[in-house]
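> Kindly return the folded structure for what I paste below:
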Amino acid sequence: SDVTLLVGWANTIKICQVRPRTSSDSQDLPPFYVEVMNIIYLDHYVSGIGPQPGDKIISLGYRPPENGQPVRPCIRITGFNGEELSLEELSIKGYESCGPNDYNMHVLTYDHFVYICA
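Numbering: from 1, shown residues only. Here you go, the predicted structure:
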């Protein structure tokens, strides 16, 4: 919605609401504040995040190597309540040499397309 802010940081997604301040609040503060409604902890680092219809979140994830072996990046769909709805590993050539900052995801909310760059 227009007042929901999704924040992907490290291995968490924070679902926030942007709210107007009441008139009794201090005059020295901005007219709006952000309230964290939920924090979702993931098993991957968030390299991209975006909204999906029906209070869902899509995230592009980087997972660190396991037992010295590289792990493919993943796409995860999660509900606002933290429930994992879908998890898919991506087949991206050269993923072995990529880190979390080498991936990027763009979500076009008006038509629900997702573009991933590596």
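> got the contact list for the one helix or strand in the chain whose mean pLDDT sits lowest?
When the helices and strands of the chain are scored by mean pLDDT, DSSP states H and E, strand 113-117 comes last with a mean of 82. Residues outside strand 113-117 that contact it (C-beta atoms under 8 Å, 6 or more residues apart in numbering) are 48, 50, 58, 60, 75, 90, 92, 103-108. Using the backbone N, CA and C atoms, a C-beta is placed for each residue, glycine as well.
> try 10 Å
47-48, 50, 52, 58, 60, 73, 75, 90, 92, 102-108 (C-beta atoms under 10 Å, 6 or more residues apart in numbering).
> Just the buried ones from those?
47-48, 50, 52, 58, 60, 73, 75, 103, 105, 107 (16 or more other C-beta atoms under 10 Å).
> and the residues you listed as JSON lines, adding pLDDT, secondary structure and distance to residue 38?
JSON lines is the format used below for the buried ones among the contacts of strand 113-117 (pLDDT from 0 to 100; DSSP: H, G, I helix; E, B strand; the rest coil; distance: C-beta to C-beta, whole Å):
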{"residue": "47", "pLDDT": "94", "secondary structure": "strand", "distance to residue 38": "21"}
{"residue": "48", "pLDDT": "94", "secondary structure": "strand", "distance to residue 38": "19"}
{"residue": "50", "pLDDT": "92", "secondary structure": "strand", "distance to residue 38": "17"}
{"residue": "52", "pLDDT": "91", "secondary structure": "strand", "distance to residue 38": "16"}
{"residue": "58", "pLDDT": "95", "secondary structure": "strand", "distance to residue 38": "16"}
{"residue": "60", "pLDDT": "96", "secondary structure": "strand", "distance to residue 38": "20"}
{"residue": "73", "pLDDT": "96", "secondary structure": "coil", "distance to residue 38": "24"}
{"residue": "75", "pLDDT": "96", "secondary structure": "strand", "distance to residue 38": "20"}
{"residue": "103", "pLDDT": "92", "secondary structure": "coil", "distance to residue 38": "24"}
{"residue": "105", "pLDDT": "90", "secondary structure": "strand", "distance to residue 38": "21"}
{"residue": "107", "pLDDT": "88", "secondary structure": "strand", "distance to residue 38": "19"}
